[in-house]
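Visitor: Sequence unavailable; structure follows:
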DNA sequence: CGTGGATCTGAATACGTATGTATCAGAGCA
DNA sequence: TGCTCTGATACATACGTATTCAGATCCACG
C-alpha cells in the first residue's frame, strides 16, 4: 500500500540502495542524484519503513518500561521524565504493566522488539531480572533494589525512612505507628528497615499491633488507618511507606473525623506533586524523581551502547519536606504547640 | 546473538519453515516432529524474533497513543484502560506526547511501526488527523471532536456543561464565573458552548470579566482563581473546564483563604479519581472514562480489521455528581443553607 | 505391482531496508 | 594509447520470519 524504497527508486531511475543512501545523507551520492531521489520520495509520500529498517539494523530504538499500575498516581512521576528522556535520545517508549503475577512474560521482553528495559516495579522475587540477565538484554532498575550485577538508580530509602523516625521521636511521639509498603518490594522493605532502625537508635520500638504492611495504594492506606485506629492504644503518629498510602490515610482521616495534625501526625515518602497541594500539605521525604528517572534512562542507554561496561548503582539521598501533616505530640496536660 | 529459527532447525534436524510451523501450532506438522522442534527451541531459549515476524506479516500489533502531557493527572484515566484493553487484545502500547507544537511528526506515525493510533489530544487545528487519513492509517479520536470521516469516542460535553449551568442557576448564583479550557480543544470549546447556552436559557449571561480560557492544567487553574477574585465584583460560583483546572482553583482557594463552598462554589468536569477524595469532594460532571477509553480501543481495532467500515461516533452522556464544593448562594441577609 | 491420494516436509520466496562488494565511466598521467 | 585511480552507482546479500508451492514418502486400493 504505502510506497517503498523500490517505488522511489523506479520513479527516480536509480537502484533501491541508492534511494536508501540518498535519503540517509550518505556522502557518496551525487548531488543531482540526491535531488532526483528526494523529489521522487516527496512525490510518493515516501517514509522509510521502520519494519524493514529494524530488521536490517538489528536495533529497534524502542525501550520497554514496566510499571505496576498506571492508575497509581506515583508512576506518572517516573513515566513522564523517562518518556521525555528517551524521546530526545531518539527512542520510543513501550508500556508494560505488571500487576500481581500478571506481568509481561520474559518471552514478550526477549522477542527482539526492545533495545532495553526499565524495571520500576519488580518485586524482590521477580524472575524477570535474572531472565533478562541470562539473555543479555540491557535493563535498569529504577527505584528498586538490585544486586551488584545490574544497573540501578535508587533513593537511599533506609536513610530517608530514618529521617522520618528521627522526626517523629523529636516531636515527642511515643505511640508511633507505620503503614509500610509490601516487604516483597525493596522500597517497602528498606523503608521499614530504616524506620525501625531509627526508632531503635532512640531507644524506641514499633509496637507490633501498630505496624502493618500493605500494597502501595490509596485504598489500602485508607483501610489501614481504620485498622490502626481501632487498636486499644491508637498511634499519635504514622509513617507511611509512600505518599500514595499517606494520601489514603489522610482521606480516611477526613472520613473518620480525625484531625491532621492535631490528632495524628502523618508522614509520607516520595514527595509526589499532590503532596504539595495546599489541601494536602503532606510532610514527606522528598525524592527527586525526575532526576532519578533520567539517571536510569542514562544508565540504560549507556549499557545498550556498551554491554560490557561496569555496572553502576546510582544512589540519591532524599531529604525531609516539612509541611502541615505533622505536629509535636500534644500532651493532655499542656496546651497544644503545633510545629512546622 | 540470540538463537534464530534456523538454529532451532539445525538442532532439530528439520528445515526453518518447519520450525515456524511447529511452534505456531500449524496442523500439518507431525507430532513427533513438533516434539523435536519444541525440545530444540527450549534447549536454545528460542523466542521468535518480533522483528522478523513483523516484517513478514506486515502487522506490528502495536498501537500508538498520543497524549498531551503525562504529568497531567487526567491522562492516566485514559491511558490505563487503553493499555489494558489493547493488551488483552494482543496489542502493545507505544507512548507519544504532544505538548505545544512539539508532538510526533506524521513521519513518526506513518513509518509502518504502528497498526493504529489513538489521538487523545489533538487540537482542532492539528494537521495530524488529516495526514493520517490521507495515508490510510487507522486512528480514532478519544475525548476529542471529529468530523464525520473519522471514528471517535466522546462525551456529550455540551450537554454536561449545560447541567452545570442549570445547577448554578438553580442554586441561586448570579455572579457566575468560568475558567474554561482552551478554545483550540474541542472539549474546551464545547463545554464553553454548553455552559453559555444553559445560562442564556435561564436568562443569564456570563460577564466577560468573569470568564477566562486557560490550558487544562493545575497551575493555570490556580492562577485563574486569583485573576477572577481580583475583579471588582468577584464570582460566587465557578465552572471549571475540567477537574484538573478545578483542583488548581481549590488549591488557590486554600491559599487565599476562600472557603469552599461557603464563599465560592466550584464545579469541575470529568470526575477523575482525585475529585472523589474526601479532602477534595469536588462536585463535577461524571464521565465514564474507562468505558470511553475501551470504546475508543474497540473502534480502533475494528477499523484495523476492516478499513472500509462505516465511521462511528460514539457519544456518552455524562451526569452530575454532587459532592461538597457547591452550595446555595448565601444571601447576606439570610442564614446559610448548604445543599448536598 | 502400479497408481492415486493423503500426509508431511523442504525449497523458494516475500516482507523492506541497509551495506559490503563489484562494476563502470571518466579523469589523470605516463 | 593504455594504465591506474577515483567517484558514483548497481548488484548481491543479510536481517528472521511466514507462506506458497512443489516434492517426497507411505499407504491403500485396484
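Guide: Perfect, thanks for sending it. Only a predicted model underlies this, so the values are computations on that prediction, with no experimental measurement involved.
Visitor: contacts for the helix or strand hosting residue A:179?
Guide: Using DSSP states H and E, residue A:179 sits within strand A:176-180. For strand A:176-180, the external contacting residues (Cβ atoms under 8 Å, 6 or more residues apart in numbering or on different chains) are A:168-169, A:188, A:191-192, A:195, A:199, A:204, A:206-207, A:210-214, A:221, A:224-225, A:228, A:234-241, A:245-246, A:249. Where you see a C-beta, it was placed from the backbone N, CA and C, and this is true even at glycine.
Visitor: Just the buried ones out of those, please.
Guide: By neighbour count, with 16 or more other Cβ atoms under 10 Å in any protein chain shown, the contacts of strand A:176-180 hold A:168-169, A:188, A:191-192, A:195, A:199, A:204, A:206, A:210-214, A:221, A:224-225, A:228, A:234-241, A:245-246, A:249 as buried.
Visitor: Tell me where chain A has helices.
Guide: Taking DSSP state H to define them, one finds helices in chain A at A:5-12, A:16-23, A:31-43, A:50-57, A:76-88, A:106-109, A:128-134, A:157-170, A:186-201, A:218-229, A:243-256, A:289-305.
Visitor: and the second one, is it in reach of chain B?
Guide: No. Judged by Cβ under 8 Å from any Cβ of the partner chain, helix A:16-23 makes no contact with chain B; its nearest approach is 11.4 Å.
Visitor: what do you get for stretch A:295-315?
Guide: No. Applying Cβ under 8 Å from any Cβ, one finds stretch A:295-315 out of contact with chain B, separated by at least 9.7 Å.
Visitor: Pull up the distance across that stretch, start to finish.
Guide: Distance between the two ends of stretch A:295-315: 10 Å, counting by Cα to Cα, to the nearest Å.
Visitor: what's that stretch in contact with?
Guide: With Cβ under 8 Å, 6+ apart as the test, stretch A:295-315 has contacts from A:63, A:81-82, A:85-86, A:89, A:91, A:115-118, A:136, A:138-142, A:146, A:148-156, A:316.
Visitor: Tell me which entries of those lie within strands.
Guide: A:63, A:116-118, A:139-142, A:151-155, A:316 (DSSP state E).
Visitor: I only care about the residues you listed that end up buried; give me the PyMOL line for that.
Guide: Command for PyMOL that selects the buried part of the ones in strands among the contacts of stretch A:295-315, burial taken from 16+ other Cβ under 10 Å:
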select buried, chain A and resi 63+116+117+118+139+140+141+142+151+152+153+154+155+316
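Visitor: List the contacts of stretch A:36-49.
Guide: The contact list for stretch A:36-49 (Cβ under 8 Å, 6+ apart) reads A:2-5, A:7-8, A:11-14, A:18-20, A:22-23, A:29, B:107, B:110-112, B:134-135.
Visitor: near DNA strand C, which of these show up?
Guide: On the criterion Cβ under 7 Å from any atom of the strand, A:2, A:4-5, A:20, A:23, B:112 are the entries of the contacts of stretch A:36-49 that sit beside DNA strand C.
Visitor: Distance of the residue of the stretch 201-340 of chain A found nearest DNA strand D relative to residue B:1?
Guide: DNA strand D sits closest to residue A:307 of the stretch 201-340 of chain A, with a gap of 15.9 Å, by Cβ to the nearest atom of the strand. Applying Cβ to Cβ, to the nearest Å, the value for residue A:307 to residue B:1 is 10 Å.
Visitor: Could you name every residue contacting both of those two?
Guide: residue A:136.
Visitor: quick one: low-confidence parts of the stretch 1-150 of chain A?
Guide: Residues of the stretch 1-150 of chain A meeting the criterion pLDDT under 70: A:122, A:148.
Visitor: Get me the contact residues on it for DNA strand C.
Guide: A:2, A:4-6, A:16-17, A:20-21, A:23-24, A:46, A:48-49, A:51-53, A:55-57.
Visitor: Could you find the closest non-adjacent residue to residue A:214?
Guide: Using Cβ to Cβ, 6 or more residues apart in numbering or on different chains and skipping the chain neighbours, the partner closest in space to residue A:214 is residue A:220 (3.8 Å).
Visitor: and the residue most central in space within chain A, what does it touch?
Guide: Centroid check for chain A by Cα atoms, centre = their mean gives residue A:78 as the closest residue, at 4.3 Å. By Cβ under 8 Å, 6+ apart, the contact list for residue A:78 reads A:67, A:120, A:142-143, A:289, A:292-293.
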